[in-house]
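Student: Sequence and predicted structure, then a few things I'm wondering about:
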Amino acid sequence: MSREINRIAVFTSGGDAPGMNAALRAVVRTASFNDLHVFGIKKGYEGMINGEFGRIEKRSVGNIMQRGGTILKTARSEQFRTKEGREQAYEYLLAFDIDACIALGGNGTFTGAEIFSKEHNIPFIGVPCTIDNDLFGTDYTIGFDTAVNTAIEAVDKIRDTAESHNRLFFIEVMGRNSGFIALNTAIGSGAGSVLIPETETSIEKLVENLKLSARRKKMFSLVIVAEGNKNGNANEIAEKVRKELSMFDTRVTIIGHLQRGGSPTFRDRVLASRLGHAAVKGLIEGKGNVMAGIVNDKIKYTPFKQAITKPKLVNEELIQLAQILAI
Ligand code: F6P
């Protein structure tokens, strides 16, 4: 039987993502609209374990929508991986009389919530926030759009200098196990090649293509590499091909955490607003241990188990498109 929800706790956890604040605002305002009390927990599961709870009112989330990062702060909690840590977190949830929790985060956050839900009877709903876009059950995760826009802006700038100096650049973008950022950045920036974890990287093919470019006197090229690429990150790939491509003046750029910051795009703000709202609505309707997502523009709730274990496939059409447009 589903419990009556009066007091909810919300937290941000794992890697931050642009749009987390917009999602928090939507959670607090939707809860307030429905006369629920909201508590914010600082630093994700770490704060849950240490009792860092505080009331958040609808006015205290004003003027945060446009801000990157998370005003609640975030952490990757080692302690929450232990049974003792989760037990302590549960004690604090009871002490603050919390009926349900809303977790804003990614894979690791929902894995924690899934384990917790088997041990304790407090429902969690997840809001997918990660720049990697690697969660099953939602077409896009919050932060992904902003991260890709940031990466494209960076690649555009690298293109200027690459072209001026006639250089080959290996540019690494984030994506621990997924190539969504890399593939979309490559298409959006018109890069020559892209290497992602989801497809076999043919170093030979890459070398062959670049040699062909050199024969045609095109000595500047951009190769986007997802950090999780199975055959190596940008530095490793550059090292592997450097000898064979001695005709090129090669450089490596790692865009890194730049991609995690900045003001969210309109897409991320709207997505965050819709999903924050859907999370509260889901709890009121008695749902628990699911992630709120949007599939084909419709709200969909997916069990945590599926969201974190089912593979989210990259669109094959995009892989082909990146190749065709780079000829
Ligand atoms: O999950 C988001 C992400 O930015 C990944 O793309 C990256 O591998 C990882 O987080 C980096 O984590 P951290 O900020 O803890 O170094």
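Tutor: Yep, that arrived.

Student: In the top helix by length along the chain, which residues are buried?
Tutor: Longest helix in the chain, counting residues (DSSP state H): helix 144-165. Buried residues in helix 144-165, counting neighbours by 16 or more other CB atoms under 10 Å, are found at 144-152, 154-155, 158-159, 162. From N, CA and C alone the C-beta is placed, and that goes for glycine too.

Student: which parts of this structure sit against the ligand?
Tutor: Residues of the chain lying close to the ligand (CB under 6 Å from any ligand atom) are 15, 106, 130-132, 174-176, 227, 260.

Student: mind listing the helices in the stretch 201-327 of the chain by residue range?
Tutor: Ranges of helices in the stretch 201-327 of the chain, per DSSP state H, counting those that start in this stretch, are 203-215, 234-242, 266-284, 304-309, 316-325.

Student: contact partners of the second one?
Tutor: Read it as helix 234-242. The contact list for helix 234-242, computed with CB atoms under 8 Å, 6 or more residues apart in numbering, reads 170-172, 195, 201, 203, 206-207, 210, 223, 225, 227, 229, 231-232, 250, 252-254.

Student: likewise the last one?
Tutor: Counting contacts by CB under 8 Å, 6+ apart, the residues outside helix 316-325 that touch it are 183-184, 186-187, 190-191, 194, 196, 199.

Student: Any stretches of the stretch 201-327 of the chain with poor pLDDT?
Tutor: Counting by pLDDT under 70, the stretch 201-327 of the chain contains no low-confidence segment.

Student: now the contacts of helix 316-325: which count as buried?
Tutor: Buried, going by 16+ other CB under 10 Å: 183-184, 186-187, 191, 194, 196, out of the contacts of helix 316-325.

Student: Is G14 part of a helix or strand, or is it coil?
Tutor: coil (DSSP: H, G, I helix; E, B strand; the rest coil).

Student: And it, how close does it get to S213?
Tutor: 40 Å (CB to CB, to the nearest Å).

Student: okay, those two: which has more neighbours?
Tutor: G14 (23 against 18; other CB atoms under 10 Å).

Student: Identify the residue spatially nearest to the more buried one, adjacent ones excluded.
Tutor: Computed as CB to CB, 6 or more residues apart in numbering, the closest residue to G14 that is not its neighbour in sequence is G105, at 4.2 Å.

Student: Looks like that neighbour contacts I125 (just checking).
Tutor: No - counting by CB atoms under 8 Å, G105 does not reach I125; the two are 11.7 Å apart.

Student: and those two? which has more neighbours close in?
Tutor: Between G105 and I125, counting by other CB under 10 Å, G105 is the more crowded of the two (31 against 27).

Student: ok, what's across the strand from the more buried one?
Tutor: Applying DSSP bridges to G105 gives these bridge partners: P128.

Student: List the residues that contact it.
Tutor: If a contact means CB under 8 Å, 6+ apart, then G105 has 12-14, 44, 74, 126-127, 129-130 as its contacts.

Student: can we see that at 10 Å?
Tutor: Applying CB atoms under 10 Å, 6 or more residues apart in numbering, we find G105 in contact with 11-17, 20, 44-45, 70, 74, 76, 111-113, 126-130, 135, 142, 291.

Student: Which parts of the stretch 51-200 of the chain are strands?
Tutor: 53-55, 100-105, 124-128, 167-173, 193-195 (DSSP state E, counting those that start in this stretch).

Student: Nearest to the ligand: which residue in the stretch 1-150 of the chain?
Tutor: Using CB to the nearest ligand atom, the single residue of the stretch 1-150 of the chain nearest to the ligand is G15, 3.7 Å away.

Student: got CSV for the buried residues of helix 144-165, with pLDDT too?
Tutor: Formatted as CSV, these follow (pLDDT from 0 to 100):
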residue, pLDDT
F144, 98
D145, 99
T146, 98
A147, 98
V148, 98
N149, 98
T150, 98
A151, 98
I152, 98
A154, 98
V155, 98
I158, 98
R159, 98
A162, 97
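
Student: Could I get those in JSON lines, plus columns for distance to K58?
Tutor: Formatted as JSON lines, the buried residues of helix 144-165 follow (distance: CB to CB, whole Å):
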{"residue": "F144", "distance to K58": "28"}
{"residue": "D145", "distance to K58": "26"}
{"residue": "T146", "distance to K58": "25"}
{"residue": "A147", "distance to K58": "29"}
{"residue": "V148", "distance to K58": "32"}
{"residue": "N149", "distance to K58": "30"}
{"residue": "T150", "distance to K58": "30"}
{"residue": "A151", "distance to K58": "34"}
{"residue": "I152", "distance to K58": "35"}
{"residue": "A154", "distance to K58": "37"}
{"residue": "V155", "distance to K58": "40"}
{"residue": "I158", "distance to K58": "43"}
{"residue": "R159", "distance to K58": "45"}
{"residue": "A162", "distance to K58": "49"}
